[in-house]
Structures are given as C-alpha cells and as structure tokens.
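>>> quick one, structure for this:
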Amino acid sequence: MADIALIAALDTKGLEAGFLAAEIARRGHRPIVIDVGVLGRPAIGADVAREVVAAAGGAVLADLVTAGDRGAAVARMAAGAASVLGDRFRSAGLDAVIGLGGGAGTSIAARAMRELPLGVPKVLVSTLAGGDVSGFVGESDIVMLPSIVDIAGLNRISREVFSRAAAVVSAMAETTRQAGDERPLLAATMFGNTTPCVEAARAALERAGYEVLVFHATGTGGRTMEHLIRSRYIAGVLDVTTTEWADELVGGVMAAGPHRLEAAARAGVPAVVAPGCLDMVNFWAPDTVPPSFVGRRFYQHAPNVTLMRTTPNENARLGRVLASRLNLSTGPVAVFLPLRGVSLISVEEGPFYWPEADEALFGAIRTHLRPDIELHALDCAINDPAFASAMATRLLEMVADAGGGATR
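Coordinates of the predicted model:
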C-alpha cells in the first residue's frame, strides 16, 4: 500500500477530490487528503485541515478569509502546502502526490510538489495543462494532465479523467527504482552545434566508470542541471555549452536565467567550462525575430529555429559575465577556450565565422577571470577530438581529486 498525498481545495473541488481519493483507495493505496481551500466549508473531510496548512504558511486561516485578498491567500496556502508536504515526506515518507485545480489550485499544488525531490511521483490534473506550464513545473518532474473540462462537478468526462489520473499516480507509486547502476553522476551540456564534442567527451567519461547526464542547453535544460547540482546529485560538470547566457544577455528564447553557472561554483562541485555556442542567440521561426535585430547575421538551423550571430560587443559582455560567475567558485574549476571556433558553424568558412567576435569573447574571459582559476587556450575548434579529450581528462582528474571517484 502506497501513501499518496492529494492536494485540493475541498470547498470548491471537494466532490472531485473525494472521487479521486476513492479511486486511489480502490487501487489499494492510501490517499492523504490535504485541504488548501479558503473560501467556504469543505465538502469532505481532510487528513490535513486547511487551518494547519495556513499556519504552516505563516497565516491564520480566519485572517486570510476576512482579508479578501485572493492573491495573498493563494501565496500563503501554497507556502503552507509546500511545508506540510515536505515535512510529511521527510518524517513519515511519501510515495507520490497528486493535485487538482484551476488557476489557484494549480499554483498551490505545483508549489508544494516542487518541494519534493526528483523521483517522487508528482501528478497534477489542471485546467491549465496543455498550455505553457513552465511556470508551474519549473525544474521539477511534475506530470501535468489536462482536465479537458473545468473541474466543476462530476460528469462522464471528468470521471474518466480522474479515474485515469488515479491509475497514473498509483502506477508511478508502485514502480520501484531500478537497481544496478550506482556509478557517480556527471552532468554535461550540449547543443546540436556542440554534439561531436560532448559525445566524444561523454564516451571517455563513461569508459572511466561514470554515468553522464546530458542536458540540452535550451533554457529548461540548463535550469534543470543547475537544480540537480544544488540538490547534490552531481559529482562533476562538463559545461561545454554555455549558450543560454547569450539568450539571457541579448534576448533570445532559450535563456536559463541570471543564475546559470552559479550552482557548481557555489557548491564547490568540480567543473570544466567552455564558451560553447556563445556565437549564437536563438529565436523561433524567422518572423519571430524582433525588428530591432534587422540586418544582423542569421542562420536557419531548422524551419522553426533561427540563430543570430553575436557581435564583438556582445561577446565581450558575455566573456565578462562568464568570468564573473566562475569567479564565485569555491571548488575546482577549469576553463577551456577553443581558439578555432566555439561551435560547428563558427569555424573557418562557417556561416558564423567571425574571428574578431571570438577574440572579444576570449579576451574578456582572460581579463576578468580570477587569476587562480585554470585557463587553457587550445588551438583547435570546440568539436575537434583533441578539445573533447582535454576537457574530459581534466574533469576526471578534478573529480578524482575531490573524492568523487568512479566505482570501478
């Protein structure tokens, strides 16, 4: 029997939550109902009352009701639900969590679910699923299921949705972790334009006895990797593809936020870093490129992916940003510069070949990098086998020195 937390506002979604709880119980598991409502009387009983949730969020339920500030109430209940869920997981264990709701319910349940580590099953039945749910999911592993119809009563469609949601979360709770691969974890970042480098380095790292998690540097990938590093999953980082900073600085669509590159630095995790794909800023189809960039150099990577070449001025700024983030390092870090091109398309005769722009990038890194941080300038392109080998070899040395040796 699995313990499955169920987060819902039992005043407005009580009937639906009761049906979902019964479906979970019918499958042989124990639903633990957490009430996050603040509007009216609960339609069903709860295992964790709304007063408890409000208190965990630093509020008195009666004050939230009388204040009439829905936004503030949602924020408090979200914080409280996160606290309650996290405490339950740490003290008594929890096999899975499921939530349901509209806008407010989705915000509360998603905030609570993000409190749990990766790997704990998380399912959220939402009226908002199917659109852009990145603001709710963040770097977590929440599975969003569309409610199809509004969560407003039980009908032939909603009953089917809730029944299947119960089946999904029950099956996830029943699935045990696969044993057998306990190799230390390394993280690497990759783009299509750095794939040869990362694939070669990954092969070398895996031959040495490590498991390598590769993250696509599309914004979400970088944020997820940073989250795993902060969560102490990662023994070392091969950050070949720091391109997300170009989107963050210039205004592309694949930015990872202003804290990219900080997790390994602050946690003291060994990191080998290269300015991979900082020659490009990402947009979708050509008609999505802002008018302010008319006249710039572009390359159509795919029908819906448009790359814009970074300028010498932008590269100089990027070099300073990379150096400033790496200067936060409390552990071993090494920077590798590929002097003959930072991507497949910036090599000589490539569409983004621009030596002055690359030199502005390299020069800024050299100038602003902390003097005690290793800096290796190699006379090759980023995808040359020699560059991949040098980065992989140095990372293996640094991880071994830090005590994160492989298991074989």
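
>>> and residue 233, how many neighbours?
The local packing of residue 233 (other C-beta atoms under 10 Å) involves 17 other residues. The C-beta positions use only the backbone N, C-alpha and C, and glycine is treated the same way.

>>> so what's it up against?
For residue 233, the contacting residues are 118, 185, by C-beta atoms under 8 Å, 6 or more residues apart in numbering.

>>> show the pLDDT at it.
Note on residue 233: pLDDT of 91.

>>> over to residue 177?
For residue 177, pLDDT reads 60.

>>> same check on residue 131?
89.

>>> likewise for residue 405?
Reading off the model, residue 405 has pLDDT 59.

>>> and residue 408, by the same measure?
Confidence score, pLDDT, at residue 408: 35.

>>> try residue 66
pLDDT at residue 66 comes out at 89.

>>> sec struct for it, please.
Secondary structure for residue 66, judged by DSSP: H, G, I helix; E, B strand; the rest coil, is helix.

>>> what is the neighbour count of it?
Quick note: residue 66 (other C-beta under 10 Å) scores 9 neighbours.

>>> also residue 321?
22.

>>> just residue 256 next, same as before
Other residues close to residue 256 by other C-beta under 10 Å number 26.

>>> skip the chain neighbours and tell me the closest residue to it.
residue 222 (3.3 Å; C-beta to C-beta, 6 or more residues apart in numbering).

>>> torsion angles phi and psi at the one you found?
phi -60, psi -40 (degrees, to the nearest 10).

>>> buried sites along stretch 144-164?
Buried residues in stretch 144-164, defined by neighbour count with 16 or more other C-beta atoms under 10 Å: 144, 145, 147, 151, 158, 161, 162, 163.

>>> out of those residues, which is nearest to residue 229?
For the buried residues of stretch 144-164, the residue nearest residue 229 by C-beta to C-beta is residue 144; the value is 24.8 Å.

>>> checking my notes, that closest one in a strand, right?
Yes - counting by three-state DSSP, residue 144 is found in a strand.

>>> circling back: now, which of the buried residues of stretch 144-164 sits nearest residue 101?
residue 151 (6.6 Å).

>>> which residues touch the closest one?
So residue 151 contacts 13, 16, 100, 101, 102, 105, 125, 127, 158 (C-beta under 8 Å, 6+ apart).

>>> check the gap between the closest residue to the last one other than its chain neighbours and residue 164 for me.
On the basis of C-beta to C-beta, 6+ apart, the spatially nearest residue to residue 158 that is not a chain neighbour turns out to be residue 149, at 5.7 Å. Using C-beta to C-beta, to the nearest Å, one gets 14 Å for the distance from residue 149 to residue 164.

>>> same deal with residue 6?
Distance of residue 6 to residue 164, given as C-beta to C-beta: 15 Å.

>>> ok, now residue 298?
44 Å.

>>> next up, phi/psi of residue 7, please.
Torsion angles, degrees, to the nearest 10, at residue 7: phi -100, psi 120.

>>> doesn't residue 245 fall inside a helix?
Yes - assessed by three-state DSSP, residue 245 belongs to a helix.

>>> tally of neighbours for it?
24.

>>> what do you get for residue 359?
For residue 359, using other C-beta under 10 Å, the count is 15.

>>> now the strands: where do they sit in the protein?
3-8, 30-35, 96-101, 122-126, 143-146, 185-190, 211-216, 236-239, 271-273, 280-283, 298-302, 305-309, 333-338, 374-378 (DSSP state E).

>>> reformat those strands as CSV; add distance to residue 61 and mean pLDDT.
CSV is the format used below for the strands of the chain (distance: least, C-beta to C-beta, whole Å; pLDDT from 0 to 100):
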stretch, distance to residue 61, mean pLDDT
strand 3-8, 16, 98
strand 30-35, 10, 98
strand 96-101, 18, 98
strand 122-126, 24, 98
strand 143-146, 28, 97
strand 185-190, 42, 98
strand 211-216, 41, 97
strand 236-239, 44, 98
strand 271-273, 46, 98
strand 280-283, 46, 98
strand 298-302, 52, 97
strand 305-309, 49, 98
strand 333-338, 48, 98
strand 374-378, 55, 98
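
>>> distance to residue 72 for the ones you listed - can I get that in JSON lines?
Below are these laid out as JSON lines (distance: least, C-beta to C-beta, whole Å):
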{"stretch": "strand 3-8", "distance to residue 72": "19"}
{"stretch": "strand 30-35", "distance to residue 72": "18"}
{"stretch": "strand 96-101", "distance to residue 72": "18"}
{"stretch": "strand 122-126", "distance to residue 72": "22"}
{"stretch": "strand 143-146", "distance to residue 72": "25"}
{"stretch": "strand 185-190", "distance to residue 72": "38"}
{"stretch": "strand 211-216", "distance to residue 72": "36"}
{"stretch": "strand 236-239", "distance to residue 72": "39"}
{"stretch": "strand 271-273", "distance to residue 72": "40"}
{"stretch": "strand 280-283", "distance to residue 72": "37"}
{"stretch": "strand 298-302", "distance to residue 72": "44"}
{"stretch": "strand 305-309", "distance to residue 72": "41"}
{"stretch": "strand 333-338", "distance to residue 72": "42"}
{"stretch": "strand 374-378", "distance to residue 72": "49"}
